[in-house]
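In: A predicted structure for the sequence below; I have some questions about it.
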2 protein chains.
Amino acid sequence: MSRVLTVGCAQLGPIQRRDTRVEVVQRLLALLHKAHARGCQLVVFPEMALTTFFPRWYMTDQAEIDSFFEDSMPNAATQILFDEAKRLGIGFYLGYSELATEGNRRMHYNSAILVDRRGKTVGKYRKIHLPGHAEHEPQRPFQHLEKRYYDVGDLGFPVWRAFDGVVGMCICNDRRWPETYRVMGLQGVELLMLGYNTPEFNAAIVEPAHHRMLHHFITMQAGAYQNGTWVVAAAKAGIEEGCMLIGGSCIIAPTGEIVAAANTLGDELLVHDVDLDATTPIKTSVFNFAKHRRPEHYKLIVERAGAVPPPE
Amino acid sequence: MSRVLTVGCAQLGPIQRRDTRVEVVQRLLALLHKAHARGCQLVVFPEMALTTFFPRWYMTDQAEIDSFFEDSMPNAATQILFDEAKRLGIGFYLGYSELATEGNRRMHYNSAILVDRRGKTVGKYRKIHLPGHAEHEPQRPFQHLEKRYYDVGDLGFPVWRAFDGVVGMCICNDRRWPETYRVMGLQGVELLMLGYNTPEFNAAIVEPAHHRMLHHFITMQAGAYQNGTWVVAAAKAGIEEGCMLIGGSCIIAPTGEIVAAANTLGDELLVHDVDLDATTPIKTSVFNFAKHRRPEHYKLIVERAGAVPPPE
């Protein structure tokens, strides 16, 4: 039985602060309808697909911060997206800021959910590798306060059986970390979905802007190949509140090849026929883990977080 | 104090079975002298730099197999290389097949040693990720019997303080595995040296030849960037006993950029000024491991060797 899944990668152009959820959802719906017209069974939307990338601002008013979060999903603004996707028989990945109440604690996560073609929520992922910083750094031209506004994800890197395959999720900075791919690779992931918001200018270090795109591609291409998995990556791109976010949305084959790529910084749909069986040759040869991996030599990976160079 | 090290990456063209060690060492010496003329303080030679890539043949006569191994290093054939490197003040990485006697067992390793500028052996590495297969597979046009002829390396992935920095080694197929880079990255590696012999035609699966070079580059570029380390990779290249080995020797910066690359399939020297302090920006920002890594979510990496997909 063929396991070819027609997947849409739905890049979004910028979302400004003044844009309402209702307006943004109309753009998601337009991309969903385009995906339907092109035969998609699954669409990947970006990280924080309902709001602007607010961690660029230092804020102290918790109500103001919370205004960028969703306390339920679906909710009044997004219900129409869920309903329409179900009607069209299209599953989707959607990134958003999640406000969760756990006991009497209010937790803030950078989350993504996966909904299947029948409208059922398959699973949720909460971002583990939060980038940036937790304190205001006024010398930066803009902030990257994800470590301030979000809690570290508490759900690990699960995979699910869905869409006739084994699928997983991560978000933005997670894609730079080989551990992200490997933990899912060890659970047989065949299709890894992710959204991102990546400022073109890296305020943390002096580096040319083109390195941002290089890093984006090489980490995902290596992660795809090294685990024999498809990777679908959807950007929020373009000039958002004066800050340029990279585009580069793409679909990467288990060979590491980029087989579809965005060429704009706006709302744009990529479509590719993703053959989940194309993961098999790599998973059973060069990356047959059972045959080749040597975990007894990998212990440092879990025994320490930080690097410890040998004594001088 | 500047930590700029002028590094030579010494690609070798093919070594045929009829070529003697003495003849091959003359080629290594020619590359060493060229490296000296260009100001190198360190030269990286390939994997199995003294013989042809013999795992392409199925052999049952242990004496014949052992004829490709060295039972001491340096030895009569290689002493001149060690002496000349010391005289010129050049350190080097050299890959060779090592026959070691441990108690009354004879062990076979795919090894590399690192020698410093004063002629002192800094350390040895024995290849952990042995590719290929252990049994004769007559349907293949050529064999890849590393799993038959070699024992799995028993020295882990150590790093050493040498050449004013923190240096590490791996060999060929090790470079495809993110664990290789990460284990050394967690020990602060700044310069990772490796040699390789990579057949252009992958007899294990059906794939176009250009994927071999893509995989070679993306895994090393990602490994360099994800750990903020220089990578120097030296091929044995060209048509060896009728089997094409890829070239693509290169030097990769901690940004993941390829800053020097071979353009032949023969003996060729690449030279680059490797600034070990250029590793710092990445190690202290995006890949500040202590700040960003979450080992509690990485446990599967050491808890299982093979992939275990979720139940159907």
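Out: Okay, I see it. Numbers count the residues shown, from 1 in each chain, chains lettered A, B, ... in the order given.
In: starting at the chain centroid, how far to stretch A:53-65?
Out: 21 Å (Cα atoms, centre = their mean, to the nearest Å).
In: repeat that for stretch A:180-192.
Out: Its chain's C-alpha centre and that of stretch A:180-192 lie 14 Å apart, by Cα atoms, centre = their mean.
In: same check, this time on stretch A:91-105
Out: The mean C-alpha position of stretch A:91-105 is separated from the chain mean by 14 Å, Cα atoms, centre = their mean.
In: next to chain B, which bits of the stretch 101-250 of chain A? Give me the list.
Out: Residues of the stretch 101-250 of chain A lying close to chain B (Cβ under 8 Å from any Cβ of the partner chain) are A:128-131, A:152, A:156-157, A:159-161, A:166, A:173, A:176-179, A:181-183, A:185-188, A:202, A:204-207, A:211, A:214-215, A:218-219, A:221-223, A:225-226. No exception for glycine: its C-beta is placed from N, CA and C like everyone else's.
In: next step: those restricted to helices.
Out: Members of these lying in helices (criterion: DSSP state H): A:178-179, A:181-183, A:185, A:211, A:214-215, A:218-219, A:221-223, A:225-226.
In: from those, list the buried ones, please.
Out: Buried by 16 or more other Cβ atoms under 10 Å in any protein chain shown: A:178-179, A:181-183, A:185, A:211, A:214-215, A:218-219, A:221-223, A:225-226, out of those.
In: so who does whichever residue of the stretch 51-200 of chain A sits closest to chain B touch?
Out: When scored by Cβ to the nearest Cβ, the stretch 51-200 of chain A has A:Gly188 as its residue closest to chain B, at 3.1 Å. A:Gly188 sits next to A:Val159, A:Val166, A:Lys283, B:Ala307, B:Val308, B:Pro309, B:Pro310 when contact means Cβ atoms under 8 Å, 6 or more residues apart in numbering or on different chains.
In: just the pLDDT for the fifth one.
Out: The score at B:Val308 is 97. That number is its pLDDT.
In: what about it, neighbour count?
Out: Neighbour count of B:Val308, defined by other Cβ atoms under 10 Å in any protein chain shown: 13.
In: work out for me the element A:Thr280 sits within.
Out: Using DSSP states H and E, A:Thr280 sits in helix A:280-283.
In: check whether that helix contacts chain B.
Out: Yes: counting by Cβ under 8 Å from any Cβ, chain B has neighbours in helix A:280-283: A:Pro281, A:Ile282, A:Lys283.
In: on that earlier part again, which among the contacts of A:Gly188 count as buried?
Out: Counted by 16+ other Cβ under 10 Å, the contacts of A:Gly188 give A:Val159, A:Val166, A:Lys283, B:Ala307 as buried.
In: just flag the most distant two among these.
Out: Spanning the widest gap among the buried ones among the contacts of A:Gly188 are A:Val159 and A:Lys283, at 13.6 Å by Cβ to Cβ.
In: quick one: mean pLDDT for the helix holding A:Thr280?
Out: In this model, helix A:280-283 has a mean pLDDT of 97.
In: for stretch A:232-241, buried residues please.
Out: A:Val232, A:Ala233, A:Ala234, A:Ala235, A:Lys236, A:Ala237, A:Gly238, A:Glu240.
In: got the angle for whichever strand or helix holds the fourth one vs helix A:178-185?
Out: Going back to what we said before, that points to A:Ala235. Of the helices and strands defined by DSSP H and E, A:Ala235 is found in strand A:230-235. Counting by axes from the mean of the first three to the mean of the last three Cα atoms, to 10 degrees, strand A:230-235 lies at 130 degrees to helix A:178-185.
In: mean confidence for strand A:230-235?
Out: 99.
In: direction included, what does that strand pair up with?
Out: Taking DSSP bridges as the criterion, strand A:230-235 forms sheet pairs with strand A:191-196 (parallel), strand A:250-252 (antiparallel).
In: chain center to it, what's the gap?
Out: 7 Å.
In: residue ranges of the strands in chain A, please?
Out: A:4-11, A:42-44, A:91-102, A:105-115, A:121-126, A:159-162, A:165-171, A:191-196, A:230-235, A:238-240, A:243-245, A:250-252, A:258-261, A:268-275 (DSSP state E).
In: would you mark the buried spots in the first one?
Out: Just to be clear, that refers to strand A:4-11. Neighbour counts over strand A:4-11 (16+ other Cβ under 10 Å) mark A:Leu5, A:Thr6, A:Val7, A:Gly8, A:Cys9, A:Ala10, A:Gln11 as buried.
In: pull up the gap between the closest residue to the first one other than its chain neighbours and A:Gly8, please.
Out: Residue nearest to A:Leu5 in three dimensions, not counting chain neighbours: A:Val274, with 4.8 Å by Cβ to Cβ, 6 or more residues apart in numbering or on different chains. Using Cβ to Cβ, to the nearest Å, we find A:Val274 at a distance of 10 Å from A:Gly8.
In: and what of A:Phe69?
Out: 26 Å.
In: likewise for A:Thr121?
Out: Distance of A:Thr121 to A:Gly8, given as Cβ to Cβ: 19 Å.
In: next: A:Asp83.
Out: A:Asp83 is 18 Å from A:Gly8, by Cβ to Cβ.
In: please identify the most buried of the strands paired with strand A:230-235.
Out: Compared across the strands paired with strand A:230-235, strand A:191-196 shows the largest average neighbour count, a mean of 27 (mean count of other Cβ atoms under 10 Å in any protein chain shown).
In: who touches it?
Out: By Cβ under 8 Å, 6+ apart, strand A:191-196 touches A:5, A:7, A:44-49, A:93, A:95, A:112, A:114, A:163, A:165-175, A:181, A:184, A:216, A:223-224, A:229-236, A:274, A:276.
In: the same query, at a cut-off of 7 Å, please.
Out: Under the criterion Cβ atoms under 7 Å, 6 or more residues apart in numbering or on different chains, residues A:44-47, A:49, A:93, A:95, A:112, A:165, A:167-172, A:174-175, A:181, A:184, A:229-235, A:274, A:276 lie in contact with strand A:191-196.
In: quick one: low-confidence ranges for the stretch 201-312 of chain A?
Out: By pLDDT under 70, the stretch 201-312 of chain A contains no weakly predicted segment.
In: count the neighbours of the nearest residue to A:Gly228 once chain neighbours are set aside for me.
Out: Nearest non-adjacent residue to A:Gly228, counting by Cβ to Cβ, 6+ apart: A:Ile282, 3.4 Å away. With neighbours defined by other Cβ under 10 Å, the count for A:Ile282 comes to 24.
In: could you verify my assumption that A:Ile282 touches A:Gly256?
Out: No: assessed by Cβ atoms under 7 Å, A:Ile282 is found out of contact with A:Gly256, at 9.2 Å.
In: what touches both of the two?
Out: Common neighbours of A:Ile282 and A:Gly256 are listed as A:Tyr225 (criterion: Cβ under 7 Å, 6+ apart).
In: contacting residues around A:Leu81?
Out: A:Leu81 neighbours (Cβ under 7 Å, 6+ apart): A:Val25, A:Leu28, A:Leu29.
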